[in-house]
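**Student:** Just need the structure, nothing else, for what follows:
(one chain, ligands or ions: 1)
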Amino acid sequence: MKRVYLDNNSTTPLDPRVAIALEPFLKDVFGNPSNLHFFGRMCAESLAEAREQVAAFLGAAPEEVYFTSGGTEANNWALKGVAFAHEARGRHIVTSPIEHSSVLSTCQYLAENGWRITYLPVDRFGLIDPEDVRRAITKETVLVSVMLANNENGTIEPVKEIAAICQKTGVLFHTDAVAAVGKIPVQVKELGVDLLTISGHKLHAPKGTGVLYIRNGIEILPLIHGGHQERGLRAGTENVLGIIGLGTSCKVLAQEWPTQAATMKRLRDRFEQLVLSRIPEVRLNGHPTKRVPNVAHFSIGYVEGEALVMNLDLEGVAVASGSACASGEAEPSPTLRALRLEPIFANSPVRFSFGKDNTDEDVDFAFAALERVVQRLRAISPLWQGR
Ligand code: PMP
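**Tutor:** Alright, predicted model coming up:
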């Protein structure tokens, strides 16, 4: 059965070049990078190279790159690490209601432990007004965290403007760039951020690897205590395979991301055009222009999101009904709730997220399947019949 994968915001397939780079580490290169002998040194050298590759891709210095177990850990660390290190100065954090659950749940944890959290307003596309950030900052504020691109609807937030406001007011700024990196320019110095999160498995590297960029000189406490790894800030024997994979994928992306992004945009735009012009009662949820090039997020009226995903899967098309982490929950995700959709659109989110390997045939195949499934589901919907 032909299968088309349009869920690249949930995860991406391993790049074959990454798989080749990993081969020696599955066999002979098995040392512990902390050991001084030959086996350890071989691994330590490869690790250093991977750190340089990630740093070069993000425009950071290698010593500003800290490897973690993924985006979730990096987000937890950024928030808790800064909150705990600066609590004497104040216990106030500013964020948005449409962050990934790893930010929202961490904020909830901090709120239960005495921190005050301000959630910024968002417009109907999920966009934040930097002026609201300026208004939210008080003398107690120690951190602002706003994602660079929303993983569900793809809206790009004005992170550079927000970072400039934070810098002027002496507040640290963190951005979750997991859904943005590889799709739009992400240069830490250009953005002016203090902390930034990326995740390997969204970039054709193995799962279980991420990075927290921490600008030189930022005071942060460790989340994980133990050995001296990651300059004493993140203990535990390094995930050598994952790190080598992420380094390799960053090296590839540094060269290829603009071409990849242009391909994804062309395919995404054509798909979006087909859906909006040929299927009635569909709403596009992301921002019309301030949006990453690989995401088309729709609400398809009179159709239930989970039913749509399952029926598309039966037709060979893999998509998501919300964020991967939120799917399976009966409640709409915080992003959807924040968008304040009318009831007929609120339960029917569907996200098509394109990847570097998608083709024009995939667009045609997915659109034909979507058209069939929507017709089928609406035919048995009393709401659609009686509208
Ligand atoms: N932030 C965003 C925006 C994400 O989409 C994800 C992955 N769903 C994460 C953080 C978490 O990354 P990881 O899966 O590496 O823990």
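**Student:** which SSE is the closest residue to Val29 other than its chain neighbours in?
**Tutor:** Closest residue to Val29 apart from its sequence neighbours, by C-beta to C-beta, 6 or more residues apart in numbering: Met42 at 5.4 Å. Quick note: C-beta positions are derived from backbone N, CA and C, even for glycine. Following DSSP states H and E, one finds Met42 within helix 38-58.
**Student:** any idea of the mean pLDDT for the helix or strand hosting Trp384?
**Tutor:** Per DSSP H and E, Trp384 falls inside helix 382-385. Across helix 382-385, pLDDT averages out at 88.
**Student:** What of stretch 30-37?
**Tutor:** 97.
**Student:** in the strand or helix carrying Phe25, what's buried?
**Tutor:** Per DSSP H and E, Phe25 falls inside helix 16-26. For helix 16-26, a neighbour-count test (16 or more other C-beta atoms under 10 Å) marks Val18, Ala21, Leu22, Phe25 as buried.
**Student:** how about Lys80, what does it touch?
**Tutor:** Contacts for Lys80 (C-beta atoms under 8 Å, 6 or more residues apart in numbering) come out as Thr106, Tyr109, Leu110, Leu221, Leu223.
**Student:** cutoff 7 Å now
**Tutor:** Contact analysis of Lys80 by C-beta atoms under 7 Å, 6 or more residues apart in numbering lists Thr106, Leu223.
**Student:** can you map out the helices along this protein?
**Tutor:** For the chain, the helices defined by DSSP state H occupy 16-26, 38-58, 71-85, 101-112, 130-136, 159-169, 188-191, 240-278, 305-314, 334-338, 343-346, 360-379, 382-385.
**Student:** coming back round to it: buried ones in the helix holding Met42?
**Tutor:** Within helix 38-58, the residues that count as buried by 16+ other C-beta under 10 Å are 42-44, 46-47, 49-58.
**Student:** Closest one of those residues to the ligand?
**Tutor:** Taking C-beta to the nearest ligand atom as the measure, the ligand lies nearest Val54 of the buried residues of helix 38-58, at 14.3 Å.
**Student:** Next, count neighbours for the residue lying closest to Gly355 once chain neighbours are set aside.
**Tutor:** Residue nearest to Gly355 in three dimensions, not counting chain neighbours: Asn8, with 3.6 Å by C-beta to C-beta, 6+ apart. Using other C-beta atoms under 10 Å, Asn8 is surrounded by 24 other residues.
**Student:** Any chance of a markdown table for the buried residues of helix 16-26, columns distance to Glu272?
**Tutor:** Converted to a markdown table, those look like this (distance: C-beta to C-beta, whole Å):
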| residue | distance to Glu272 |
| --- | --- |
| Val18 | 30 |
| Ala21 | 35 |
| Leu22 | 35 |
| Phe25 | 40 |
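**Student:** need those in JSON lines with pLDDT, can you?
**Tutor:** Formatted as JSON lines, the buried residues of helix 16-26 follow (pLDDT from 0 to 100):
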{"residue": "Val18", "pLDDT": "98"}
{"residue": "Ala21", "pLDDT": "98"}
{"residue": "Leu22", "pLDDT": "98"}
{"residue": "Phe25", "pLDDT": "96"}
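**Student:** quick one: which of those residues is nearest the ligand?
**Tutor:** Nearest to the ligand among the buried residues of helix 16-26, with distances taken as C-beta to the nearest ligand atom, is Val18, at 15.7 Å.
**Student:** Against Leu6, how distant is the closest one?
**Tutor:** Computed as C-beta to C-beta, to the nearest Å, the Val18 to Leu6 distance reads 21 Å.
**Student:** on that earlier part again, which ones are touching the residue nearest to Gly355?
**Tutor:** Contacts of Asn8 (C-beta under 7 Å, 6+ apart): Asn294, Ser353, Phe354, Gly355.
**Student:** Which residues lie in contact with the nearest residue to Ala55 once chain neighbours are set aside in this structure?
**Tutor:** In space, and not counting its chain neighbours, Ala55 is closest to Pro62: 4.4 Å by C-beta to C-beta, 6+ apart. Pro62 makes contact with Arg51, Glu52, Ala55, according to C-beta under 7 Å, 6+ apart.
**Student:** Which pLDDT value goes with the second one?
**Tutor:** So that's Glu52. 98.
**Student:** Tell me who's in contact with it.
**Tutor:** Pro62.
**Student:** Phe25 against Val240, yeah?
**Tutor:** Yes: between Phe25 and Val240 there is a contact under C-beta atoms under 7 Å: 5.7 Å.
**Student:** Show me what Thr118 bridges to in the sheet.
**Tutor:** Per DSSP bridges, the residues bridged to Thr118 are Val94.
**Student:** Surely it and Ala136 touch.
**Tutor:** Yes: counting by C-beta under 7 Å, Ala136 is a contact partner of Thr118 at 4.7 Å.
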